[in-house]
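In: sequence first, then the predicted structure, then my questions.
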Amino acid sequence: MANKNVVPEARQALDKFKMEAASEVGVNLKQGYNGDLTSRQAGSVGGQMVKKMIQKYENDIK
């Protein structure tokens, strides 16, 4: 089930979201494979994405 979206049409939006999060934490992502990233860099991107999703949820429930 890895890398399968519940809504396949969301892939493009998720990729854009990931690129924005990477830019915010100073990680230079490129389209496609990014196997040259360190664990710290990849974790920073994922952490920023989660942070932004939580912020959006909190704003939506107010």
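Out: It's in.
In: which stretches in the protein count as helices?
Out: Taking DSSP state H as the test, the helices found in the chain are 11-24, 39-60.
In: what packs against the shortest one?
Out: The criterion is 3 or more Cβ pairs under 8 Å, 6 or more residues apart in numbering; DSSP states H and E, and the helices and strands that helix 11-24 contacts are helix 39-60. The way it works is simple: take the backbone N, C-alpha and C, and place the C-beta from them, glycine included.
In: in the helix it packs on, which residues are buried?
Out: For helix 39-60, the neighbour count (16 or more other Cβ atoms under 10 Å) marks 41, 44, 45, 48, 49 as buried.
In: nearest to residue 56, of these?
Out: Nearest to residue 56 out of the buried residues of helix 39-60 is residue 49 (Cβ to Cβ; 10.8 Å).
In: surely the closest one touches residue 16?
Out: No - Residue 49 lies out of contact with residue 16 (Cβ atoms under 8 Å); the separation is 11.4 Å.
In: okay, the angle between the lowest-mean-pLDDT helix or strand in the chain and helix 39-60?
Out: In the chain, no helix or strand scores lower on mean pLDDT, DSSP states H and E than helix 11-24, which sits at a mean of 94. Relative orientation of helix 11-24 versus helix 39-60 (axes from the mean of the first three to the mean of the last three Cα atoms, to 10 degrees): 110 degrees.
In: so how far is helix 11-24 from its chain's centroid?
Out: Centre-to-centre, helix 11-24 and its host chain are 5 Å apart (Cα atoms, centre = their mean, to the nearest Å).
In: got the buried residues for it?
Out: Judged by neighbour count (16+ other Cβ under 10 Å), helix 11-24 contains these buried residues: 18, 21, 22.
In: dump those residues into a markdown table; add distance to residue 11 as well.
Out: Shown next, in a markdown table, are those (distance: Cβ to Cβ, whole Å):
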| residue | distance to residue 11 |
| --- | --- |
| 18 | 11 |
| 21 | 16 |
| 22 | 16 |
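In: ok, so of these, who is nearest residue 29?
Out: Using Cβ to Cβ, residue 22 is the member of the buried residues of helix 11-24 that lies nearest residue 29, at 4.2 Å.
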